[in-house]
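**Q** Sharing a model prediction with you, sequence too.
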Amino acid sequence: MSRRFLSTIALVAWVAVLGSAAGCKNSPKFEGPQLMRWDFSEASTRSYAFEQRSESYSVMAMMMPDGTPMADTSQYKTISTADLRVISAGGGTANMTLEGMSMRAFQYNPHTGVLMDSMTEDMDPITVENLAETGKPDSTDQQTQQLFDYLFPLPVDQLSVGETEERGLEVPFNTLGSVLPVGGTVKTTFTEITQHQNRTCARLDTELLLDRVDLPQDMPGEYLFKRSGTSTFYFDLQKREFVSGEVSITSTVIMDAGMENGIFNIESTDTFTLQLAE
């Protein structure tokens, strides 16, 4: 091997080292605890490709007014796509909108799995106003608040890599004209700081479990509500915005109040994906 060739290899190696050092010098370092917040300080629009895939299987049985028993089993799948926009006028808040949403629904024979019917429907836009930099909306609606426990999840407090934050949750469970509270927890882990899509990101892994139903003692029947899920999101620590995310949720609802009041069993799964449009 010639000296000239060896010198060329050494030069290339030094250029690589110097380039790496220069890159490190220009990239901000994120060490220690991080308080992760959106940046809504200036006017901005962030657009995300949004997709939701849902599958449900349900069984229903009840006694008709004429005394005839009735039972029905159904199986559905839906695929919804939309442009999700986080629009800020500055001042520390933003509005989140789902625009151009299209849903494709498929009905299957629950016994054979054969496709029976399908349809496509364009949905009206959905807007959630006054989203704070904490990732929480200024809304008293429990369904809206619940959505943000697994969509764009940000820890409430600052976390270091490897630390987990655990919070209590409560969502409504509607049954037989009553609204019952269901309690649980959501755990958010600051798993690592990593390069994701050429950005320095915090990887946030979330676990959700809701399964504690507070039943009145005089309420007839048996009831079960369980929702569990996981998510992985990547949050750009420098630009203070989410880059991408994936959510998977499984739900089981059982309401057995006898044939006169109805017996319901619903199993469903939902997956969400989000990707920031560059």
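**A** Perfect, thanks for sending it.
**Q** Show me where the stretch 101-250 of the chain has its strands.
**A** In the stretch 101-250 of the chain, the segments counted as strands under DSSP state E, counting those that start in this stretch are 115-122, 126-132, 164-175, 178-196, 199-213, 222-236, 241-256.
**Q** Now do the last one: which elements does it pack against?
**A** What it means is strand 241-256. Secondary-structure packing of strand 241-256 (3 or more CB pairs under 8 Å, 6 or more residues apart in numbering; DSSP states H and E): strand 199-213, strand 222-236, strand 263-276. All C-beta spots, glycine's among them, are computed from the backbone N, C-alpha and C.
**Q** quick one, the second one and strand 263-276 angle?
**A** What it means is strand 222-236. Here strand 222-236 runs at 0 degrees with respect to strand 263-276, directions being taken by axes from the mean of the first three to the mean of the last three CA atoms, to 10 degrees.
**Q** pLDDT of strand 222-236, averaged?
**A** Mean pLDDT, strand 222-236: 93.
**Q** on that earlier part again, what about the helices and strands packed on strand 241-256, which gets the closest to residue 92?
**A** Nearest to residue 92, of all the helices and strands packed on strand 241-256, is strand 222-236, at 17.5 Å by CB to CB.
**Q** Adjacent strands (with direction) for that closest one?
**A** In the sheet, strand 222-236 lines up against strand 199-213 (antiparallel), strand 241-256 (antiparallel) (DSSP bridges).
**Q** Indicate which one of those is closest to residue 108.
**A** Nearest of these (CB to CB): strand 241-256, 18.6 Å.
**Q** picking that back up, could you dump the strands paired with strand 222-236 into TSV with mean pLDDT and mean neighbour count added?
**A** Formatted as TSV, these follow (pLDDT from 0 to 100; neighbours: other CB atoms under 10 Å):
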stretch	mean pLDDT	mean neighbour count
strand 199-213	94	19
strand 241-256	94	18
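**Q** As TSV, those strands with distance to residue 181 would be great.
**A** Formatted as TSV, the strands paired with strand 222-236 follow (distance: least, CB to CB, whole Å):
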stretch	distance to residue 181
strand 199-213	8
strand 241-256	15
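**Q** Pretty sure residue 260 sits in a strand.
**A** No. The assignment for residue 260 (DSSP: H, G, I helix; E, B strand; the rest coil) gives helix, which keeps it out of a strand.
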